[in-house]
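J.: What would the 3D arrangement of this be:
(one chain, ligands or ions: 2)
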Amino acid sequence: MGGARDNRTGGPWFRVRIGQRLVLSFVLLVMLVVGGSGYVLYHMTLTSLQRQLRAQLLGAAGLVAQSLHGDVLRRLRAGDEAYPLHQRLTARLTDARSVVGAARIAVFDPAGRALLDTEPGWPIGREYPQLAIRDRAEMQRVLAGQPTCSVLFYEQGVPYMTGYAPIYLGDEVVAAVGVDIGAGFVDTIRLFGRSVLAFAALGALVTVGLALWLARTITRPVQALVRAAQAIGRGNLQVAVVAPSRDELGYLGETMDEMRRQLVARDAQLRQMLAGVAHEIRNPLGGIEIYAGLIASDLPESDPRRTHIHKVIEEVRKLNGVITEFLDFARPRPPSPRLVATAHLVDQARFLLAPEMEKARIELQCDVPPDLEVFVDPQQLQRALFNLMKNGVQAMRQGGALAVTARADGEQVVIAITDTGVGMGPEVMARLFEPFFTTREKGSGLGMAIVSRILEENRGSIEMHSEEGQGTTCRVRLPRRPAADLPAEAA
Ligand code: ADP
Ligand code: MG
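T.: Ligands and ions are numbered 1, 2, ... in the order given. Take a look at the predicted model:
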């Protein structure tokens, strides 16, 4: 049916929500697991390797310090570089350097000036700038007699650490040794850290895709079930609920279809009962009408009882109308469509309504092109248009105007029926097509249910627009050609 009835169609909002929640939780989980464990591992490894290197540095510096004598060092003066003593000591230092795997070993006095250095060409007495700035705290500590280690530093892009050990003469610290050892593992660990980050990012990306896919596999079938439930809610019990998957949602779909079948069965029972009752009432009503007519014709023209009898006949006819509505609803017959003039259908309905319209002082404005044809069951459509126009008339108890227009729209004809009546609020609009829903004291509530079914069976549709106190417009769409005549995609 028309758009006005579909205003609760489940939009994609919940897919977004489930998707978002899945993506968010998955990404958080991956970040937490990969990132968290990577971060912990990174720090544990770094600290442990640094501790190991520190021990190695302290050991190496201590060993070198022990192999040197304070009094010999004290005698070294600037310019002694060429003397055999200095050369011998330097050679020993160079040996030690390769034994402990150091990059450089230097010996300096308490003022931070060079005494011995494995770096060729470093003269006695030259100051080490890093001792005064970067390693000042270490320098103070080592001069106080405490072996110590520097922080990590980079030289020409290579990471190093320095171990310091004091050299004593008696109780006095007369010099100190600094051993630089490369900390290549730091680069490796940094690389490891970067890889962890990259993997976390990649994992998050893959997870987003995975979560979106998962969300779709959940929300797609849910949407299918929502649509099925909405169709059932509108009273369309013909379309089977297809189990959208083989999991719990599929089970839900099967259960819903079982419910639908039971509703169909109950519906059929109800209709049968209704038809039976209507039939039982209709026969005696026929009798009443005939005999009342006979009595009326027996009475003289001037007899006031004649008007009473005519009241009886009128009420009986009204009752008959209601019974006909019941039977129409309870015992629908399949449509036999053919090409028919739209104007003819409208005229028939108009003819049946003429007395009522005159009584309520309703002006009818008809604008239907005489050559406009539709392909429908004429009797059924006449009935549907009659029901719609009658509702319009009943909505204008104080008089008004009923406009009926028709025009071609592609493969369809659009018939609009507009009244200037009381209109409907959203609660009435929502239940308009429900069988037995009525706000009228003497209404059956079947008029619109019948309209809806007739249009469905005749490949038509209806849209309702109404404003309380303003009036109502029903827009009916009907096919102009048999379904077989239409191009495949439009059929
Ligand atoms: P009935 O006419 O027997 O009440 P219907 O199915 O034809 O049953 O209509 C159901 C209800 O919808 C009516 O009782 C009325 O409240 C409302 N309705 C239908 N058409 C109109 C209309 N044109 N204007 C105002 N209300 C309407
Ligand atoms: Mg009605």
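
J.: Without its sequence neighbours, what residue ends up closest to G392?
T.: Spatial nearest neighbour of G392, chain neighbours left out: D419 (3.5 Å); criterion: Cβ to Cβ, 6 or more residues apart in numbering. Bear in mind the C-beta positions are built from the backbone N, C-alpha and C, glycine included.

J.: Would you check how far apart the one you found and G253 are?
T.: Distance from D419 to G253, counting by Cβ to Cβ, to the nearest Å: 42 Å.

J.: Same check on S444?
T.: 35 Å.

J.: Same check on E119?
T.: Taken as Cβ to Cβ, the span from E119 to G253 is 81 Å.

J.: Compare the two (neighbour count), which wins?
T.: Each of E119 and G253 has its neighbours counted (other Cβ atoms under 10 Å); G253 has more, 20 against 12.

J.: my read is the more buried one is in a strand, agree?
T.: No - looking at G253 with DSSP: H, G, I helix; E, B strand; the rest coil, it is helix, so not inside a strand.

J.: Who's the closest spatial neighbour of it, skipping the chain neighbours?
T.: A243 (3.7 Å).

J.: give me phi/psi at the residue nearest to G392?
T.: phi -120, psi 160 (degrees, to the nearest 10).

J.: Let me know how buried it is, in neighbour terms.
T.: Residues near D419, counting by other Cβ under 10 Å, number 26.

J.: Does it touch Q398 like I think?
T.: No - D419 lies out of contact with Q398 (Cβ atoms under 8 Å); the separation is 12.0 Å.

J.: just checking, what packs against whichever helix or strand R194 is part of?
T.: Under the criterion of DSSP states H and E, R194 resides in helix 185-233. In terms of contacts (3 or more Cβ pairs under 8 Å, 6 or more residues apart in numbering; DSSP states H and E), helix 185-233 is packed against helix 13-30, helix 36-66, helix 248-298.

J.: Now the first one: average pLDDT?
T.: Yep, that's helix 13-30 we're talking about. Averaging pLDDT along helix 13-30 gives 75.

J.: Can I get it as CSV, trimmed to CA atoms?
T.: As requested, the backbone C-alpha atoms of helix 13-30 are provided in CSV (Å, rounded to 0.1, in the frame of the first residue of the first chain):
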residue,chain,number,x,y,z
TRP,A,13,19.5,3.2,11.8
PHE,A,14,19.9,0.0,13.8
ARG,A,15,22.4,-1.5,11.4
VAL,A,16,24.5,1.6,12.0
ARG,A,17,24.2,1.2,15.7
ILE,A,18,25.1,-2.5,15.9
GLY,A,19,27.8,-1.9,13.4
GLN,A,20,29.3,1.0,15.3
ARG,A,21,29.2,-0.9,18.5
LEU,A,22,30.8,-4.0,17.0
VAL,A,23,33.5,-1.9,15.3
LEU,A,24,34.2,0.0,18.4
SER,A,25,34.4,-3.0,20.7
PHE,A,26,36.5,-5.0,18.2
VAL,A,27,38.9,-2.2,17.6
LEU,A,28,39.3,-1.5,21.3
LEU,A,29,39.9,-5.2,22.0
VAL,A,30,42.5,-5.5,19.3
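
J.: so how far is that helix off the chain centroid?
T.: Between the centre of helix 13-30 and the centre of its chain there are 9 Å (Cα atoms, centre = their mean, to the nearest Å).

J.: mind listing what's buried in it?
T.: R15, I18, G19, L22, V23, F26, V27, V30 (16 or more other Cβ atoms under 10 Å).

J.: wait, which of those residues is closest to R51?
T.: Distance to R51 across the buried residues of helix 13-30 (Cβ to Cβ) is lowest for V30, with 31.2 Å.

J.: I figured that closest one hits L202, correct?
T.: No - using Cβ under 8 Å as the test, V30 is too far from L202 to be in contact (9.5 Å).

J.: can you give me the strands for the stretch 351-491 of the chain?
T.: 362-367, 373-376, 400-409, 412-419, 461-467, 471-479 (DSSP state E, counting those that start in this stretch).

J.: what comes into contact with the fourth one?
T.: This means strand 412-419. For strand 412-419, contacts defined as Cβ atoms under 8 Å, 6 or more residues apart in numbering pick out 342, 346, 368, 372-374, 385, 388-389, 391-393, 395-396, 400-408, 471-480.

J.: and that strand, anywhere near ligand 2?
T.: No - Strand 412-419 does not reach ligand 2 (Cβ under 5 Å from the ion); its nearest approach is 12.2 Å.

J.: who's in contact with the residue nearest to G253?
T.: By Cβ under 8 Å, 6+ apart, the residues touching A243 are L249, G250, Y251, G253, E254, D257.

J.: what's the neighbour count on the residue in the stretch 251-400 of the chain positioned nearest to ligand 2?
T.: Here the stretch 251-400 of the chain gets closest to ligand 2 at one residue, N391, 4.5 Å apart by Cβ to the ion. N391 has 21 neighbours, counted by other Cβ under 10 Å.

J.: can you list the residues of this structure near ligand 1?
T.: Residues of the chain lying close to ligand 1 by Cβ under 6 Å from any ligand atom are 387, 391-392, 395, 419, 421-424, 428, 432, 437-440, 443-449, 472.

J.: Only whichever of those residues are buried, select them in ChimeraX.
T.: Restricted to buried positions by 16+ other Cβ under 10 Å, the ChimeraX selection for these reads:
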select :387,391,392,395,419,421,422,423,424,432,437,438,444,445,446,447,448,449,472
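
J.: ok, and the closest non-adjacent residue to R282?
T.: I323 (5.0 Å).

J.: For the helix or strand hosting that neighbour, enumerate the helices and strands it packs against.
T.: When elements are assigned from DSSP H and E, I323 belongs to helix 305-330. The contact analysis (3+ Cβ pairs under 8 Å, 6+ apart) places helix 305-330 against helix 248-298, helix 447-457.

J.: just the residues of the stretch 251-400 of the chain that are near ligand 2, which are they?
T.: Residues of the stretch 251-400 of the chain lying near ligand 2 by Cβ under 5 Å from the ion: N391.

J.: where in the stretch 251-400 of the chain is pLDDT low?
T.: Residues of the stretch 251-400 of the chain meeting the criterion pLDDT under 70: none.

J.: OK, contacts around whichever residue of the stretch 151-300 of the chain sits closest to ligand 1?
T.: Proximity of the stretch 151-300 of the chain to ligand 1 (Cβ to the nearest ligand atom) peaks at G235, 12.2 Å away. Residues counted as contacts of G235 (Cβ under 8 Å, 6+ apart) are F433, E434, P435, A449, S452.

J.: For the residue nearest to G392, which residues count as its bridge partners?
T.: Assessed by DSSP bridges, D419 has beta-bridge partners L402, T472.

J.: Can you give the domain ranges for the chain?
T.: Domains of the chain are assigned by automatic domain parsing as 24-189, 237-331, 335-491.

J.: okay if I get the ones you listed as JSON lines plus distance to A215?
T.: Shown next, in JSON lines, are the domains of the chain (distance: least, Cβ to Cβ, whole Å):
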{"stretch": "domain 24-189", "distance to A215": "10"}
{"stretch": "domain 237-331", "distance to A215": "13"}
{"stretch": "domain 335-491", "distance to A215": "31"}
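
J.: could you list every residue that touches R260?
T.: Per Cβ under 8 Å, 6+ apart, neighbours of R260: I232, L237, A240, V241.
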